[in-house]
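Colleague: Show me how the following folds:
(chains A and B)
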Amino acid sequence: MPPFLAEFLQTLAGSAPAAFFRNSTFAYASLNACHIFSIGLVVGSIATLDLRLLGLFYRFPVSALAPPLTRVAAAGLYFVIVTGFLLFCVRPLAYAVNAAFLAKITLVTLGVINALALRSSRGWALALEDELVPDSVRAAALRSLLIWAGAVFAGRWIGFLQ
Amino acid sequence: MRTGGFSRRSVLAVSAAALLAAPALAHHGWAWTDEEKFELTGTIQEIFIGNPHAVLKVEAEDGVWTVELAPPSRTRAAGFDENAAKVGDQVTAIGNRSSDHNEKRMKAVQLVVNGKTHDIYPDRIGS
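Modeller: As a prediction, this is how the structure comes out:
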């Protein structure tokens, strides 16, 4: 780990919120619950949309489902990041070298890139306008399901490598 | 409306596989450890007292062990706080080791360090 990064992580660990969540059982458990709730929002909404794009629930138009589901996912992602950052601050130097944590961060980044790329694609515009889901969009939906499932798996694994 | 590409069945199969892949283990409790007691003696390399539980890294003859303690409140209540030990101190941890013996990991019920005994899980000591 480069010295500046170690120093930065040390500063995070020494911060007041880090000390608070490190020591309070109730606060830590609540923060953990908020993190899991946010994960539920992201995965629940995105998996529903992905399954629709893959051909399930085809009676319900993509153009009607996509806006609420993506908004819930975006809000969930925001809370996932805020609560996740606070959880990270409790023990940053250990998490920063934890293989499962690094895998999770990579997968979340890939999941976000995949979602943003999908939203700016021509295929997505087609799916919204004509209710025609091109194969490129289906492929993105399948990638999305696998990436987010992998992120949850990797996240759960963090504690086993500490 | 188009439903081709991936069949409904294959979508369900992939989703089910993803769900089943989530670990059924819990990291808490004692389900992952041996029944019988285990004792480890070594030099403390690292001390973490905090959530979700306190952890020691202990260098023993056969390598570096991860010794899991209780959540911070319980660990401190047993007298093992920031002043109880420092890196380099000798420690003996009594508890249960991981039932996967390739893994150098245990959960301590009692620590002996600097002439003091800390009973972290008193009800489990001696059983």
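
Colleague: Check what contacts the helix or strand harbouring A:I113 and list those residues.
Modeller: Counting by DSSP states H and E, the element that carries A:I113 is helix A:99-119. With contact meaning Cβ atoms under 8 Å, 6 or more residues apart in numbering or on different chains, helix A:99-119 is reached by A:46, A:70, A:73, A:77, A:80, A:88, A:95-96, A:124, A:137, A:140-141, A:143-144, A:147-148, A:150-151, A:154-155, A:157-158, A:160-161. For the C-beta atoms, the positions are set from N, CA and C on the backbone; glycine is no exception.

Colleague: Within reach of chain B, which of those are there?
Modeller: When the contacts of helix A:99-119 are checked against chain B using Cβ under 8 Å from any Cβ of the partner chain, the ones in range are A:W157, A:F160.

Colleague: still on that earlier bit, C-terminal to the helix holding A:I113, which secondary structure element comes first?
Modeller: Next along from helix A:99-119, by DSSP H and E: helix A:122-130.

Colleague: Pull out the buried members of the contacts of helix A:99-119.
Modeller: Buried positions within the contacts of helix A:99-119, assessed by neighbour count (16 or more other Cβ atoms under 10 Å in any protein chain shown), are A:46, A:70, A:73, A:77, A:80, A:88, A:95-96, A:124, A:137, A:140-141, A:143-144, A:147-148, A:150-151, A:154-155, A:157-158.

Colleague: what are the bridge partners for the residue nearest to the spatial centre of chain B, then?
Modeller: Centroid-nearest residue in chain B: B:E68, 3.8 Å away (criterion: Cα atoms, centre = their mean). On the basis of DSSP bridges, B:E68 is bridged to B:V55, B:K107.

Colleague: How about the contacts made by it?
Modeller: B:H53, B:A54, B:V55, B:R105, B:M106, B:K107, B:A108.

Colleague: at 10 Å instead, please
Modeller: B:E68 makes contact with A:159, A:162, B:27-28, B:32-33, B:52-56, B:93, B:95-96, B:98, B:105-108, according to Cβ atoms under 10 Å, 6 or more residues apart in numbering or on different chains.

Colleague: swap in B:T41?
Modeller: Neighbour list for B:T41: B:V58, B:A60, B:E61, B:Q90, B:V91, B:T92, B:A93, B:I94, B:V112 [criterion: Cβ under 10 Å, 6+ apart].

Colleague: Can you pull out the low-pLDDT segments for chain B?
Modeller: B:1-8, B:11, B:14-27, B:127 (pLDDT under 70).
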